[in-house]
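Visitor: Sharing a model that was predicted from the sequence below.
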Amino acid sequence: MKPIHYSSGASWESSVGYSRAVRIGNTIEVAGTTAMKDGKLVGVGDPYLQTQCILEIINEAIEALGGSIDNVIRTRMYVTDIELFEEFGRAHGEFFSNIRPASTMVEITRLVDPDMLIEIEATAIL
């Protein structure tokens with residue numbers, strides 16, 4: 001099977017050598033995604049807004065590869081402050097309330113930009 005790559009146009013994709021998402025067969029893997037839109041971080045200081053933005057970006061990638069958000073079976077959330085889990089979780093819960101994928105949230109030391117509070121990966125099976 002040949003992989004189908006999706007690019008969100010982020011400058012790092014070509015310089016680091018990755019795709020926002022890749023589909024192989026009926027599986028879509030979405031790379032770690034932050035709240036960067038048009039080169040700017042959305043929701044500086046706001047864990048809820050950053051999470052919402054990320055989930056919208058993930059949704060766009062999955063749809064571009066022929067899937068839908070209903071196909072998501074797994075998410076992984078990497079957060080810089082676990083004390084904010086309720087805000088991250090609230091946005092995730094609103095987005096996935098009927099889907100309820102398996103999910104993990106872990107605290108990490110930091111992300112590339114100190115204003116980034118969360119990064120999310122997702123797996124979808126069509």
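Guide: Structure's in. What do you need? Numbering: from 1, shown residues only.

Visitor: quick one: the helices in the chain?
Guide: Using DSSP state H, the helices of the chain run over residues 11-12, 47-64, 85-96.

Visitor: which of the ones you listed is buried the deepest?
Guide: Ranked by mean neighbour count, the helices of the chain are led by helix 47-64 with a mean of 21 (mean count of other CB atoms under 10 Å). C-beta coordinates here come from the backbone N, C-alpha and C atoms, glycine included.

Visitor: re the thing from before, which one of the helices of the chain lies closest to E119?
Guide: helix 47-64 (7.5 Å; CB to CB).

Visitor: Now find how far off-centre that closest one is within its chain.
Guide: 6 Å (CA atoms, centre = their mean, to the nearest Å).

Visitor: and what of stretch 91-104?
Guide: 12 Å.

Visitor: average pLDDT for that stretch?
Guide: For stretch 91-104, mean pLDDT rounds to 97.

Visitor: And stretch 23-42, by the same measure?
Guide: Per-residue scores along stretch 23-42 average to 96.

Visitor: Could you do stretch 68-81 as well?
Guide: The model assigns stretch 68-81 a mean pLDDT of 98.

Visitor: quick revisit: out of the helices of the chain, point me to the one whose mean pLDDT is lowest.
Guide: Of all the helices of the chain, helix 11-12 carries the lowest average pLDDT, namely a mean of 76.
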